[in-house]
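A.B. asks: generate coordinates for the sequence data below:
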Amino acid sequence: MNPSFSSAFARYSMRPSLRNNLIIALAVLVSVVAIAQSVSTYQLCRTGMSALLDLRLEQVAMRMRGDLADAIPSAPARGSQPSRDIVITIRKPGANVPLRSTEPSLSLPASAPAGFSSEMVNGERWRIYTLRRDASVIQVAQRSSVRNELVRETALTTLWPTLILLPLVLLAVVVIVHRTLRRLTPLGQAAQSIDAAHLNPLPVTGVPGEVLPFVESINRMIERLAQVIESEREFIADAAHELRTPLTALQLQADNLQPHIVAGNQERFQELRNGIARSGMLIGQLLRLARADAPLDAAIEPADVSSIVVDAVSGVLPIAAARGIDIGADAMLADKVVASRADVAIAVKNLVSNAVRYTPDGGTIDLQMRREANALWIEVTDTGPGIAEESLPRVFDRFFRANSSTQVDVEGTGLGLSIVKAITAKYGGQAVIRNRHDGRSGIVAAVSFPLASV
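C.D. replies: Numbers count the residues shown, from 1 in each chain. You can find the predicted model right below:
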């Protein structure tokens with residue numbers, strides 16, 4: 001498994017989840033309530049069933065006071081009564097032998113107290129109801145094991161509704177929590193789309209009241225951030241405009257002075273002119289960066305990327321030919337993108353010029369276009385020295401320059417790739433720089449823009 005993927009998964013798995021916390025808390029609460037209710041119902045059912053069986057013994061004893069006692073045979077066969085039936089014994093006071101009994105082999109204790117009692121008879125525990133009258137003693141008994149079995153079977157039937165309903169309730173908890181928090185999904189997607197080029201406030205429509213203060217605070221932060229970025233952009237644009245005029249004047253004065261510079265100072269004078277030219281180049285880059293950071297125009301005419309790629313290659317072809325660099329474009333597509341032609345041209349030109357600048361003489365540069373999902377990608381692959389892996393994450397930082405052997409900035413200002421990144425981000429695209437992994441040195445620089453609907 002990819003180590004970076006593993007570490008990302010580990011971080012995600014360790015991240016607390018509001019949805020999971022709610023589901024676990026509610027599931028535990030419902031389970032505890034269900035278990036408590038089941039235990040309570042089970043105990044109440046056992047108590048009620050025991051009372052019902054006792055009532056049955058008492059009622060039978062009461063009926064034996066009348067003529068029903070004569071229905072009991074005076075000499076029944078021993079062991080003929082089923083074990084689950086109740087046993088009835090009628091005896092005269094002080095007599096050792098029962099007058100009548102449904103099970104002669106069972107000698108119920110005549111000394112049992114009136115009412116209910118539990119006695120050991122023949123090695124078994126019995127529940128006995130004793131009714132004493134002047135002329136007789138009536139005892140009705142039932143095995144405690146039979147009673148316990150009846151009570152247990154009846155009480156267990158009360159647990160089935162809980163066993164069936166508990167999973168359904170837990171499923172309902174999961175569904176309800178998921179549907180409730182799903183309302184926050186569009187909010188998360190809107191927050192994820194926020195960047196320096198898209199500082200739109202988060203929507204507050206339909207946001208739960210508990211989350212609304214948090215969303216409003218984020219919107220206020222976005223508003224402050226947008227003001228700071230706009231102030232920065234305006235400062236860069238104003239400063240570049242203000243500096244362009246005096247630098248242009250310096251360039252003109254240097255051109256006018258060149259014939260009057262003595263031969264011994266020509267080399268130093270040329271260094272001065274080159275410094276002025278680099279300053280002018282930096283100001284131009286700053287202006288392009290300010291335009292790239294500017295808000296998106298409401299109406300954008302789709303741009304034909306194939307013609308932009310052809311123009312970019314044509315612009316560097318003389319330099320490439322002079323250095324023996326083989327440059328060409330494959331897989332040209334007729335698709336258009338939702339972006340300004342001027343911005344797309346700047347981004348592609350920067351990548352192509354960058355490749356020409358750092359591809360050694362006799363090298364190769366390939367341009368390719370491809371569709372992926374709803375985006376059009378333009379890739380520039382060269383055979384240059386490549387980029388140090390530790391520098392790759394910073395190549396799009398403003399004013400960042402790698403070492404001279406792997407420097408990727410088109411004009412040495414540290415702003416070329418920042419401009420490319422700003423342009424693609426403004427239109428919802430991407431900019432990617434990676435080293436080649438096909439056994440050759442060099443980089444693959446790619447930009448994407450959203451495809452225009454046909």
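A.B. asks: give me the secondary structure label for Asn148.
C.D. replies: Applying DSSP: H, G, I helix; E, B strand; the rest coil to Asn148 yields a three-state assignment of helix.
A.B. asks: tell me the mean pLDDT over the helix or strand containing Ile378?
C.D. replies: Ile378 is located in strand 375-382, with elements delineated by DSSP states H and E. For strand 375-382, the mean per-residue pLDDT is 91.
A.B. asks: remind me what that strand packs against, helices and strands.
C.D. replies: On a contact count with 3 or more Cβ pairs under 8 Å, 6 or more residues apart in numbering; DSSP states H and E, strand 375-382 meets helix 305-322, helix 341-358, strand 364-372, strand 443-450. For glycine as for every other residue, the C-beta is placed from the backbone atoms N, C-alpha and C.
A.B. asks: what element comes up after the helix or strand where Gly48 lies heading to the C-terminus?
C.D. replies: Taking DSSP H and E as the criterion, Gly48 maps to helix 18-63. Next along the chain after helix 18-63, taking DSSP H and E as the criterion, comes strand 87-91.
A.B. asks: relative to strand 87-91, how tilted is the helix holding Gly48?
C.D. replies: Interaxial angle of helix 18-63 relative to strand 87-91 (axes from the mean of the first three to the mean of the last three Cα atoms, to 10 degrees): 30 degrees.
A.B. asks: so what's the gap between helix 18-63 and the chain middle?
C.D. replies: Counting by Cα atoms, centre = their mean, to the nearest Å, helix 18-63 is centred 40 Å from the centre of its parent chain.
A.B. asks: quick check: end-to-end length of stretch 118-133?
C.D. replies: Separation of the first and last residues of stretch 118-133 by Cα to Cα, to the nearest Å is 20 Å.
A.B. asks: which parts of that stretch are buried?
C.D. replies: Within stretch 118-133, the residues that count as buried by 16 or more other Cβ atoms under 10 Å are 119, 121, 126-131.
A.B. asks: any chance of TSV for these, columns secondary structure, pLDDT and distance to Thr162?
C.D. replies: Supplementary listing: these in TSV, determined by DSSP: H, G, I helix; E, B strand; the rest coil; pLDDT from 0 to 100; distance: Cβ to Cβ, whole Å:
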residue	secondary structure	pLDDT	distance to Thr162
Glu119	strand	87	36
Val121	strand	85	38
Trp126	strand	88	33
Arg127	strand	89	29
Ile128	strand	88	35
Tyr129	strand	89	34
Thr130	strand	87	39
Leu131	strand	86	40
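A.B. asks: ok, back up a step: JSON lines for the helices and strands packed on strand 375-382, including mean neighbour count, distance to Ile88 and mean pLDDT?
C.D. replies: JSON lines is the format used below for these (neighbours: other Cβ atoms under 10 Å; distance: least, Cβ to Cβ, whole Å; pLDDT from 0 to 100):
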{"stretch": "helix 305-322", "mean neighbour count": "16", "distance to Ile88": "103", "mean pLDDT": "89"}
{"stretch": "helix 341-358", "mean neighbour count": "23", "distance to Ile88": "103", "mean pLDDT": "88"}
{"stretch": "strand 364-372", "mean neighbour count": "17", "distance to Ile88": "90", "mean pLDDT": "90"}
{"stretch": "strand 443-450", "mean neighbour count": "23", "distance to Ile88": "93", "mean pLDDT": "91"}
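A.B. asks: of all these, which lies closest to Ala34?
C.D. replies: Among those, strand 364-372 comes nearest to Ala34, with 50.7 Å by Cβ to Cβ.
A.B. asks: quick check: can you name the pairing partners of the closest one and their directions?
C.D. replies: strand 326-330 (parallel), strand 375-382 (antiparallel) (DSSP bridges).
A.B. asks: contacts for it next, please.
C.D. replies: Identification of contacts with strand 364-372 by Cβ atoms under 8 Å, 6 or more residues apart in numbering yields 305-306, 309, 312-313, 320, 325-333, 335, 352, 355-356, 359, 376-383, 448, 451.
A.B. asks: do that again at 6 Å, thanks
C.D. replies: Contact partners of strand 364-372, identified using Cβ atoms under 6 Å, 6 or more residues apart in numbering, comprise 309, 326-327, 329-331, 333, 355, 359, 377-383.
A.B. asks: dump that strand to CSV, keeping only the CA atoms.
C.D. replies: The C-alpha trace of strand 364-372 is given here as CSV (Å, rounded to 0.1, in the frame of the first residue of the first chain):
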residue,chain,number,x,y,z
THR,A,364,12.6,16.5,-26.8
ILE,A,365,9.4,18.4,-25.7
ASP,A,366,6.0,16.8,-26.3
LEU,A,367,2.6,18.5,-25.9
GLN,A,368,-0.5,16.5,-25.4
MET,A,369,-4.2,17.2,-24.8
ARG,A,370,-6.6,14.8,-23.1
ARG,A,371,-10.1,14.8,-21.6
GLU,A,372,-10.7,13.6,-18.1
